[in-house]
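Q: Just the structure for this:
(one chain, ligands or ions: 1)
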Amino acid sequence: MIRNFLFHRVHPQRDELWDPMDVSLFDKCISYISRHYEVMLLEDLISLPDLKTKANSNIATIMFDDGYKDNLIYAAPILAKYNCKASFYVVTDCIDKNIPTWTHILEHIFQYTNKSNINLIFDFLPLELQVTELATEEIRMDYLRVLIPFLKTITHENRNLVINRVTETFNDIGLPKIMMDWSDLLELKKAGHYIGSHTVTHCMLGTMSNEVEITEELLVSGQMIEKHLGYFPKTISYPVGSHNDTTIRLSKEVGYIAGLVVKQKLYDPAKDSIFEIPRIELYNENWFKTKLRILNVIEPLKEFLRYK
Ligand SMILES: [Zn+2]
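A: Next up, the predicted model:
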């Protein structure tokens, strides 16, 4: 079985909303993974003619979603130290404009705005989320903890209505500059890492119904990578793992050869679809829990406990 490990931010500074992995924990992870597994690029692995026979192998891959600057500053030197190559899946609009993904934008705005009046009366929102005032930072953050999970369940169009209303109303603060740019990605590519697609806008592909829009998210992100780095990527990482049959069909049509999800399980190339390759996400937790995740003990144990 193959272990695909997924990381996001790696940073020494703690963040209350979405904590990056601490640099020392990341070092421990890569040290452990490189000692216990044969680390490969996923894009090399899926190109092997005997991929389907790799079910009993001891291979691991290392991946990062979104394209944060801290990946270059803190993670890349550690990858170099252990001689590991990784894949970085980038949101091309976020790279182009140096803006965070929509969840981060909401988190930042809600935390720092000095405004409190906002019209969030949308009939597709549950009543408790239909508000006209969010008076304090505490109230805004409590609201956001319910809003973001809900936004992940609704259509792309409705989600954009809410995001646009928030950014237009709470417009008194700038956004943090935390993404890589194209020259950063070129540097990673030159060091032997792979850059793949994570769409244009970090849209949740499985919630979208307009095939023209889905195709554009898949195609334009690949074309942007081709324009700046010289190749159309083999791989698409579906933001938040959101995908369906249409996503897979259109991903194939525009030229990807593999799609990545987040399922906290091992990858069996003989059984799993190449357009639904599972990944195990690692978080900023203690080393014991992280090690259990690396060994893939936690999810099978939860599964086991569900059977009474
Ligand atoms: Zn993402």
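Q: Just the strands from the stretch 1-150 of the chain, written as ranges.
A: Applying DSSP state E, counting those that start in this stretch to the stretch 1-150 of the chain gives strands spanning 3-7, 38-39, 59-66, 87-90.
Q: And these: which comes nearest the ion?
A: Ranking the strands of the stretch 1-150 of the chain by proximity to the ion (CB to the ion) places strand 59-66 first, at 4.0 Å. The way it works is simple: take the backbone N, C-alpha and C, and place the C-beta from them, glycine included.
Q: quick one: contacts of the helix or strand of the chain with the lowest mean pLDDT?
A: Least confident helix or strand, the chain: helix 298-306 with a mean of 78, by mean pLDDT, DSSP states H and E. Residues outside helix 298-306 that contact it (CB atoms under 8 Å, 6 or more residues apart in numbering): 264-265, 289, 292.
Q: so where's this protein uncertain?
A: Applying pLDDT under 70 to the chain picks out residues 308.
Q: how about a cut-off of 50?
A: Along the chain, no part satisfies pLDDT under 50.
Q: Figure out how far the longest helix anywhere in it is from the centre of its chain.
A: Longest helix of the chain, by residue count under DSSP state H: helix 211-229. Taking CA atoms, centre = their mean, to the nearest Å, the mean C-alpha location of helix 211-229 is offset from the chain mean by 17 Å.
Q: got the buried residues for it?
A: By neighbour count on 16 or more other CB atoms under 10 Å, the buried set for helix 211-229 is 213-214, 216-225, 228-229.
Q: wait, does the helix or strand following it contact the ion?
A: The element immediately downstream of helix 211-229 (helix or strand, assigned by DSSP states H and E) is strand 235-237. No: against the ion, strand 235-237 shows no contacts by CB under 5 Å from the ion, the least distance being 7.1 Å.
Q: List the buried residues for strand 235-237?
A: Result for strand 235-237 [16+ other CB under 10 Å]: buried residues 235-237.
Q: Same check on stretch 254-273?
A: Neighbour counts using 16+ other CB under 10 Å place 254, 256, 258-263, 265-267, 269, 272 of stretch 254-273 among the buried residues.
Q: Next, the distance between the ends of it.
A: 18 Å (CA to CA, to the nearest Å).
Q: Which parts of the chain are helices?
A: 23-36, 42-45, 69-70, 76-81, 92-97, 102-112, 137-151, 156-169, 182-190, 211-229, 245-254, 287-294, 298-306.
Q: re the thing from before, which other helices and strands contact the longest helix of the chain?
A: helix 92-97, helix 182-190, strand 194-197, strand 235-237, helix 245-254 (3 or more CB pairs under 8 Å, 6 or more residues apart in numbering; DSSP states H and E).
Q: Can you tell me what sits against it?
A: So helix 211-229 is contacted by 90-92, 95-96, 156, 182, 185-186, 189, 195-201, 203, 205, 208, 231-233, 236, 246-247, 250-251, 253-256 (CB under 8 Å, 6+ apart).
Q: now swap in stretch 192-199 and tell me
A: Taking CB under 8 Å, 6+ apart as the rule, stretch 192-199 contacts 41-43, 65-67, 76, 79, 85-92, 185, 188-189, 205, 217-218, 221-222, 225, 229, 233-239, 256, 260.
Q: and with 6 Å instead?
A: Contact with stretch 192-199 is made by 41, 43, 65, 85-91, 185, 189, 217, 221-222, 225, 229, 233, 235-237, 239, as judged by CB atoms under 6 Å, 6 or more residues apart in numbering.
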